[in-house]
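Engineer: show me how the following folds:
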Amino acid sequence: MQITTSAIFRYFLYLGIAGFGGPLAIIEYIRRDLVFDKKWMTLEEFKDYFGYSQIAPGPLAFQVALYFAYHKKGLKAAILAGIGLVFPSFLIVLVFSIFYKSYSDINWIVWALYGISPVVISIIFQSGFNLSRSVFTKEPIQYVLFASVIIVSYFFKVHIIYMILSSALISLVYHIVKRKSETKAMSVNLFILGLIGQVYGSVLLLLEFVNSKLIQMAYIFLKAGMLTYGSGFVIVGVLRQDVVENFHLITAKEFLDGVAFGQITPGPVVITSTFIGYLVSGFTGSVITTVSVFLPTFIFVLIISKFINKIKDNFYLKSAIKGANAASIAAIMVTGYFLSAEALIDYFTFGFFAAALGILFFTKLKPYYVIIAGATAGVIVKLFLN
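Structural biologist: Residues are numbered from 1 along each chain as shown. This is a model prediction of the structure:
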């Protein structure tokens, strides 16, 4: 079937409007619609694109869309597919952000967010569990890294980015030693990783002399998009550390509310970036943060697509990714734990959390329905108590 660039754009614009349920749900929509309904690609092609999305950092569903569009119709189609998938949710979250900034102190909104917050925590934990089933293998090193990242993050508050990079390095060394690889190959890969670390450290040092809040936000969101593997919730975890703890741009409660908005809108969950940007620097801030968090993924996909067949089965790359993925799952769990301090504040919110977790694990109800139920329950409880 002949596929046009405009048809690709229209489809992903539709998906950006109707694609509720998070990254795995969006990927399933792509598989169902483009493989079986429209027959724009084969099942094998879909599996390849999904597999490629494990190589580069950034949101998974966004990557699958880019790989499909680029391999079918080239650069222009990839750009339009990315815009189509992200733009509708950007507009929706922007409207939410404007409303939130003006009216967040109205009683019924406060009460609704009171019920939504514990539900969001349950969604984060469930997302981490579901992702772990597709990431973890039988190799003990992944479980060791997973536990280590949780322990170090909890006791020492080390940045998640460092945890992901160090886990990737440890996993790489472990698999090289296990394979009894040649010393030369080990040295080359360690040198490359060390060089990346040096560049990253230099950027951090440069940031110390930058005062512009917009530049600071661009840096934070570029870094999150550039170095974070796995679910969008991993990126959310990285952003929480920077915008709440390290740079104090917004409060933990505001951040949690932003995650909730990201959950009840279609498109990638990392669209929470729009909310954060607007709270900090208005419309300009929302554009900068949204573009910054998605741009690295777009660039990575274009570069990787050029020589994907040469690297997709690379032993060293796959070994490093195993460690990065284990750390990413831990990062999701740690994010849920730290955000729970703002969400689980009394017996009612603990009850909402437990109920939502049970519903998510044992029923097929979509997360946004659970969020709506949480908002309703929050309003009812507060009305009753008042």
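Engineer: for the closest residue to residue 329 other than its chain neighbours, grab phi and psi.
Structural biologist: Excluding its sequence neighbours, the residue lying closest to residue 329 (CB to CB, 6 or more residues apart in numbering) is residue 132, at 4.8 Å. Bear in mind the C-beta positions are built from the backbone N, C-alpha and C, glycine included. Here is the backbone geometry of residue 132 (degrees, to the nearest 10): phi -60, psi -30.
Engineer: count the residues that sit near residue 127.
Structural biologist: Residues near residue 127, counting by other CB atoms under 10 Å, number 28.
Engineer: do you know how far it is from residue 98?
Structural biologist: To residue 98, residue 127 is 27 Å away according to CB to CB, to the nearest Å.
Engineer: pLDDT score assigned to the residue nearest to residue 329?
Structural biologist: Per-residue pLDDT puts residue 132 at 86.
Engineer: neighbours around it, how many?
Structural biologist: 19.
Engineer: just the helices in the stretch 151-300 of the chain please.
Structural biologist: 160-179, 183-207, 213-227, 232-239, 252-264, 272-306 (DSSP state H, counting those that start in this stretch).
Engineer: skipping adjacent residues, who's closest to residue 255 in space?
Structural biologist: Among residues not flanking residue 255 along the chain, residue 244 sits closest, at 5.2 Å (CB to CB, 6+ apart).
Engineer: can you get me a residue count around that neighbour?
Structural biologist: For residue 244, the neighbour count with other CB under 10 Å is 21.
Engineer: for it, give its distance to residue 215.
Structural biologist: Distance, residue 244 to residue 215, using CB to CB: 19 Å.
Engineer: close enough to count as contact, residue 295 and residue 222?
Structural biologist: Yes. Under the criterion of CB atoms under 8 Å, residue 295 makes contact with residue 222 at 6.9 Å.
Engineer: low-scoring pLDDT stretches of the stretch 151-300 of the chain, where are they?
Structural biologist: Within the stretch 151-300 of the chain, the stretches with pLDDT under 70 are 180-211, 230.
Engineer: where does the stretch 1-150 of the chain dip in pLDDT?
Structural biologist: Ranges of the stretch 1-150 of the chain meeting pLDDT under 70: 1.
Engineer: tell me which stretches of it form helices.
Structural biologist: Under DSSP H, counting those that start in this stretch, the stretch 1-150 of the chain gives helices at 5-18, 23-30, 43-52, 60-73, 75-103, 107-135, 140-156.
Engineer: report all helices and strands that the fifth one contacts.
Structural biologist: Going back to what we said before, that points to helix 75-103. In terms of contacts (3 or more CB pairs under 8 Å, 6 or more residues apart in numbering; DSSP states H and E), helix 75-103 is packed against helix 5-18, helix 60-73, helix 252-264, helix 272-306.
Engineer: one more: the last one?
Structural biologist: Other elements packing on helix 140-156 under the criterion 3+ CB pairs under 8 Å, 6+ apart are helix 160-179, helix 315-343.
Engineer: what packs against the longest one?
Structural biologist: Contacting helix 315-343 under the criterion 3+ CB pairs under 8 Å, 6+ apart are the following elements: helix 107-135, helix 140-156, helix 160-179, helix 183-207, helix 232-239, helix 252-264, helix 347-362.
Engineer: give me the angle between that helix and helix 232-239.
Structural biologist: Interaxial angle, helix 315-343 versus helix 232-239 (axes from the mean of the first three to the mean of the last three CA atoms, to 10 degrees): 70 degrees.
Engineer: and helix 315-343, which residues are buried?
Structural biologist: Neighbour-count burial for helix 315-343 flags 316-336, 338-340, 342-343 (criterion: 16 or more other CB atoms under 10 Å).
Engineer: now do the first one
Structural biologist: By 16+ other CB under 10 Å, the buried positions in helix 160-179 come out as 160-176.
Engineer: go on, stretch 31-40?
Structural biologist: For stretch 31-40, a neighbour-count test (16+ other CB under 10 Å) marks 31, 34-35, 40 as buried.
Engineer: end-to-end on it?
Structural biologist: Its first and final residues considered, stretch 31-40 spans 10 Å by CA to CA, to the nearest Å.
Engineer: give me every residue that touches the residue nearest to residue 255.
Structural biologist: Residue 244 makes contacts with 250-252, 255, as judged by CB atoms under 8 Å, 6 or more residues apart in numbering.
Engineer: roughly how far apart are residue 55 and residue 229?
Structural biologist: When residue 55 is compared with residue 229 (using CB to CB), they lie 9 Å apart.
Engineer: who has more neighbours, these two?
Structural biologist: Neighbours were counted for residue 55 and for residue 229 using other CB under 10 Å; residue 229 has more, 26 against 18.
Engineer: for that one, which non-adjacent residue is closest in space?
Structural biologist: In space, and not counting its chain neighbours, residue 229 is closest to residue 324: 4.5 Å by CB to CB, 6+ apart.
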